[in-house]
Structures are given as structure tokens and as C-alpha cells.
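S.K.: A predicted structure for the sequence below; I have some questions about it.
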Amino acid sequence: MLEEHTGVLREMIFHNNENGYTVAVFETETEAFTIVGNIPRAAVGRSYLLQGEFVEHPNYGEQFKVRTFEEQMPSTKEGIREFLSSGAMKGIGRKTAAAIVAAFGEDTFRIIEEEPERLTEVSGVGQKTAEKIAGAFADQREFAALTLQLQQYGISAAYALKLYQEYGGETMAVLEENPYQLIDDVYGIGFVKADRIAEKIGLEKDEPFRIRSGISYTLNHFAGEGNTYLPEEELCEQAASLLKLPMEMIRAQIEEMAFTGDIRIDSLDGQRAVYLMPFYMAEQNVSKCLRLLRDARLKPIADNVSGLIRRTEAATGIELSENQKQAVETSLSMGVSVITGGPGTGKTTIINSIIEILEDSELKTAIAAPTGRAAKRITETSGHPASTIHRLLEYAYSEGEDRMRFCRTAENPLEYDAVIVDEASMIDLLLMDALVSAIRPGTRLIIVGDDDQLPSVGAGNVLRDIIASEYIYCTKLTEIFRQARESMIVVNAHRINHGEYPDCNARDKDFFLLRRNSEPEMLQTIRELCVKRLPAYYEGISPIRDIQVLTPVRKGNLGCINLNVQLQQILNPLDPDKEEKTFGDRTFREGDKVMQIRNNYEMAWKDIEEFTEGEGVFNGDVGFVQRIDNEFNEMTVVFDETKYTTYHFSQLDELELAYAVTVHKSQGSEFPIVIMPVSWFPPVLATRNLLYTGVTRGKSVVVLVGSENKLHAMVDNNRISQRNSGLEYRLRELLRMENELFA
């Protein structure tokens, strides 16, 4: 049962301007209590009617959780003065507010609304200030009225703020004309929410714009699962099920959308495929650019490659195998080449050799990877600076276009003679499109990756498609080198990849299975491993810095959300000497291990060791909370041991605890010790290549915790999600046409 309380917001503890999330002290006539919830534009001194219920927070005690709110305009002189000086009205400070109320008393709001020119009667208020006050008051009243209107459509206060920021006073008109427009314009509003609004407005189910929106939603949904297109018949079935309409109506609108250019219908190997335009254009462009790069004339190497390889071997003391030499030679002699192989097969050695030869030949070389962690690892293993692909392409905010964009393009290409891209299994189609567009023909593009790793999070199957097409020369590394063969991590990774069960618990080795049958037992064992057993056995390791728990899932007992709560309790427990900050369902504490979960290219950092400054914190970067300042609403996180970054509390949605992360999030990283639960997980996740990817993240030790039967089931489950991707077909078509031309 919801309770109602009317009162005044007396003290602001936290307020996020972007979504209105508020923590504050609320005072009624009889009591004061803490409130939490979304109240856009909340400010001290303003009056509200709140609906909600009291809940118990584990750390902060009883709080009133706000479900709905209505702003109450004050009627007393004191209340009016507080409202005007609350910060809601631009141009009014405490003195000006007091002077206005002294002049007009309880008639103040009517004067501001109906006779704003009279505000100039108050000393210190000029014409411009009077106009500002009137404008701010009108805006405030308009937004308050809109919030109430939107509540009848089930739209929360947080979304009301987003809608008002997008459409202003036209919000209701846009909503009632075509609520599906919100899907494209307002982040966080999807088809289901828009469809509910449409139903409440009374729109018909067979409205053409509803059907088109459902088709676009279906294509976007499957793009989120990695597909660049859908077969037309499958799209019709899926959209008809979503919209509860006959397939004939869906087909008619697909044809109409293709005619207007909203989507593209193409024929792939005799099958009609329906694309969202960005993915169709990207597949076409990647194919074209790879052809141009492959066939372009290259800047020559300074000497014969065989001689340079021998010189590099002598300088480094590392002798390359014949397979590795072939990889180096083809990479240097071809416009585009691929090097693929599992752990211990010498990919890093080959990259280092290629870099040395390119530098000897005075060829300017860029080295990049999809994530900041992967780029950092390349820098550490090669001694050469590497960057993210986004950084290489100078991804930045464009004021003129009001969006983020790549500054390096076909019109402003990269100025390098060679580009080496590692961890290529993580590159999705749209990123590959941006990369190859920015590389001038005549530049060597060397693509390195393990095609048995999990595919990219974004749509496409780029590395596998390129290899499978046979259009680009690929060197497949299969030999495990002697030093790598001594590691059971490497040996077992290859066994798993070949469908064989790993050899666990070999004496004095680095790969273990601790057999546990129930999830509570597994959870308890993971806790013990992190806090006691592994630190006691391996001298000098830090439980927080050196141990990484990986899991296939986010939710459940063994999901990263619960694991992070459990591990925080034992590795960085509540401490009166440590400040902490709760943001939504996350509590951050000084000393916590955290991960950045989205790319922020404008986030400033300072390196206190090298005395440098820069911008950019990237999705997957792991750092440690150094300081929480609850007075100034700031949290300082240290990345890479010396890079200090300060987050305002409103930015904390960019961070998560990182004692445990999903296997997907760990791609491109390497950790001294990896712990991974092996239990029942959804079959789509409990797969061989997910297990393989998780195991290959461990550098020194891998500990699996769970059932041997479940481990074997994961190895047996060679379910590779079949993605609809047309890149392989397009490259094969190029190869076929070339073969016919030169036959």
C-alpha cells in the first residue's frame, strides 16, 4: 500500500541532473526522513506530494522510496521565498528572492506569470533579469504539468526529464502523434514501452508506423545478438509475433521500408536477406576496402625479408619456426593478411618480429586493439606503444554534428605505412568498417587474433568471416612451443578447443578443478580461495589485484553481481575509516576494485608518475577506488597504478565492482590468477568457446570450481551461436569473380 506525504525538501544528499535520481532529507509537518527516487530538477526548499513506501537499506537504514511525485507550489511568503531561492529560478539569489516577495507577497507567482514586467519595480532587477525569471518560471510550470500528464501513460519521472529535454513543450504533441518516434530519439525507450504508451493513447494496432517500428525493433534486437541481417521469412515471423498481426501486413511494410530506403533487401546465396542500412553499407564497404588494400602497391621493405628475419632473430635471440617465418613474410609482402592461433603458438613473437623489421625499414607503424586492456597488454609484451582502435581513429565529440564520430576517415586517412591489429576476434562489423575506411591503399594491414575466442559483442563475425572466405591470406598457427607446453593452462586450453576434457590437478602444475556439487558450496569455496587459500599458497600475491573471478553470467548466485557483493564483503569489508558511496544498487568503498563499463573519451586523467595529463577511460579498464569525497560528491579512481581519474557522483553509472566480471568482459585481458565457477548455466552460455576464452585469460594459475560433469558438458557443448553475417559471402563472391576473370 503506497503512502502519501506532503512536505519540503530540506537537505540534498545527492542529485543526478541527467536522470533526476535523488537522495534527500524530506520534512513534513510532523517528521523528517530520507527519501530516494527519481525527482527531476529537485532542489532544497521546494514542496512536493510524494507517493511511495518505506524500505530498509542494509547500510543506511529506513528510507522512503518515491514512486510518484507532484510538485506543490507554496502559498505562504516564506514558502514562496524558499522556492524562488532554491536554484530552480535562474537569476534569483536569496536577496533578490526576499526583495521580490517583500514587494509582491502572496501574489508573487501571479506577477511572474502574468505581469513579469513589474519585476523591474524591485531594486536590482532589470529587464533582462525579469525576462529570465519569467522564462524559468514558465519552463518550471510546463515541466511540472508535463510530468503529471506523462504519469497517466506510465512514464516515470526520469523518462519525463529525457522527453522534455528532447521535445520541450512539444512533448505531448509528439507523443500523441507517433509514440514510436521516442524509440529513435530517447535513449532507454524501446518498442515495448512505446507500444504501451500507444495503447493508452488509443492508437490502432495496424497503424503503418507501428508495423514499421516493430520491424525496425526486430532487426535491432537481432543485431544486438550479433546478426547483421535477418532472412526475410524469419523477420516476418518474428515481427508478426511481436505485433500480433498477419504476416501479409508485415511483408507489405517491409517492401515499403525498402522502397523508402529505411532498410535494404539483398540476395545472399539465393536467400532474401533484410538489413538495417548501416550494416548493409558496412558489409559492402569492408569488402571493397579489403580488396583495395589487398591489391594496392606497397612501400618496399629495406632488404629481403629472409635476411631481415635472420637479423631480427640474432638481435632478439629468438629463433622463429618455419610457420612463424611464413607468417612474418606474408604479412610484410601482402596488403592484407591474417595471423590466427591459440595460446602458446607464438602470435606475440611474430608481432614483435614484424614491428622490428618495419622499424628497420623506416616504415611508420601503428599497433592497435579493440580495448584499452588489450592495447596495454600489447605495449607490455612488445615494448611498443599500442592504442585502442577508437583512439587510433581519433574518436571524439563533434560539436557541429552533436555526436561522437571518428575523425580519421577515407577523407582524412591514417598516416601510417602499416597497421597491426591484435585481438581481432573482438572487432565488430561497424568498427571494422571505420578502421578499413581510414587506412589508405598501400598501407599494410596485419590482422591478428584467435578465431576460437568468443565473437564480438557487437554485430558481425568479422575475423571468422574473413578467414572462412579464403579471400585474404591467413596463416594458421598450430604448434605449441616448448615453454608453453610446460603450462597446463595452455595445454588444457588446446584440449578444450579440440573437444577433449582438460587434465586437471596435475602435480605441481597451474590448472586445477576443485570439485563442488552445489552452488552454495561453490560460492563458499570461491570466497575461501580469494581471501585465504590462494594468498597463503602463492607468496606475495594480492587477493584484490592478482586474483580475478570470471563467470559466464551476470545474475544468479554465481553471477558477477552477487559475486561482487560477496567478495567485497570479505576482501574490502565495511570499515569506519573508509568512506563509501551508494549509487543505485551499487555501493563503492575506498579500496574497491572497479571496472569502467563504457567508453568515455572525454574523461580527464593525470599520471602522477610521468607528470602527464590526458583524456579517455575505456570500457573494460580496471582500477581501484583511491578516495571518496562525500562533501564534494567526487570519487577518485586509479587506473594503471598511476593514472588518477575523478568521477562526479553523477557519473558513477559508468563504474561497476570488478572482483568478478563476465567472461565476455574479460576478453583482451590477462590475469595472474583466474577463478571460474563451473555449474549449470544457460546452454547458450555454457559453451566450449566460452570456457576456452575464460581459461586463456589466466597467466599463471587457473582454478575451476564446480562439477566435473558440468565441466565436461561445457566441453561437449560446441554450440557456436550462428550469426547471420554476409561478409563471408561477399568476400567469396569477390574471389569467385576474380577466379572467373583470370581463368
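M.R.: It's in.
S.K.: Pretty sure residue 140 sits against residue 40.
M.R.: No: between residue 140 and residue 40 no contact is recorded; they are 11.0 Å apart, counting by CB atoms under 8 Å. Backbone N, C-alpha and C define where each C-beta goes, glycine included.
S.K.: okay, these two: which has more neighbours?
M.R.: Under the criterion of other CB atoms under 10 Å, the comparison of residue 140 against residue 40 puts residue 40 first, with 25 against 17.
S.K.: Skip the chain neighbours and tell me the closest residue to that one.
M.R.: The spatially closest residue to residue 40, leaving aside those adjacent along the chain, is residue 20, at 3.3 Å (CB to CB, 6 or more residues apart in numbering).
S.K.: could I have stretch 552-565 exported to PDB, CA atoms only?
M.R.: Extracted as PDB, the C-alpha positions of stretch 552-565 are listed here (Å, rounded to 0.1, in the frame of the first residue of the first chain):
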ATOM      1  CA  PRO A 552      29.500 -16.800 -17.700                       C
ATOM      2  CA  VAL A 553      26.500 -14.900 -16.300                       C
ATOM      3  CA  ARG A 554      25.600 -11.600 -14.600                       C
ATOM      4  CA  LYS A 555      22.700 -12.800 -12.500                       C
ATOM      5  CA  GLY A 556      22.200 -15.700 -10.000                       C
ATOM      6  CA  ASN A 557      24.200 -17.000  -7.100                       C
ATOM      7  CA  LEU A 558      27.300 -17.400  -9.300                       C
ATOM      8  CA  GLY A 559      26.700 -14.300 -11.500                       C
ATOM      9  CA  CYS A 560      29.100 -11.400 -11.200                       C
ATOM     10  CA  ILE A 561      26.500  -9.100  -9.500                       C
ATOM     11  CA  ASN A 562      26.200 -11.400  -6.400                       C
ATOM     12  CA  LEU A 563      29.800 -12.500  -6.600                       C
ATOM     13  CA  ASN A 564      30.900  -8.900  -6.300                       C
ATOM     14  CA  VAL A 565      28.700  -8.300  -3.300                       C
END
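S.K.: neighbouring contacts of it?
M.R.: Contacts made with stretch 552-565 from outside it, assessed by CB atoms under 8 Å, 6 or more residues apart in numbering, are listed as 519-520, 522-523, 526, 549, 551, 656-663, 677, 679, 681-682, 685-686, 690, 694.
S.K.: list the buried ones in stretch 267-275?
M.R.: Counting neighbours by 16 or more other CB atoms under 10 Å, one finds that the buried residues in stretch 267-275 are 268, 273, 274, 275.
S.K.: And for stretch 42-57?
M.R.: Using 16+ other CB under 10 Å as the burial criterion, the residues of stretch 42-57 that qualify are 42, 43, 44, 45, 46, 47, 48, 50, 51, 52.
S.K.: and if you look at stretch 552-567?
M.R.: Result for stretch 552-567 [16+ other CB under 10 Å]: buried residues 552-554, 556, 558-567.
S.K.: Give the buried residues for stretch 638-648.
M.R.: Of the residues in stretch 638-648, 638, 639, 643, 644, 645, 646, 647 count as buried by neighbour count, 16+ other CB under 10 Å.
S.K.: If you could redo that for stretch 514-526, that was the one I meant.
M.R.: For stretch 514-526, the buried set under the neighbour-count rule, 16+ other CB under 10 Å, comprises 514, 515, 516, 522, 523, 525, 526.
S.K.: so which of these comes closest to residue 298?
M.R.: Proximity of the buried residues of stretch 514-526 to residue 298 (CB to CB) peaks at residue 526, which lies at 51.4 Å.
S.K.: For burial, what's the neighbour tally of the nearest residue to residue 246 once chain neighbours are set aside?
M.R.: Closest residue in space to residue 246, ignoring its immediate chain neighbours: residue 240 at 6.7 Å, by CB to CB, 6+ apart. Close neighbours of residue 240, defined as other CB under 10 Å, add up to 19.
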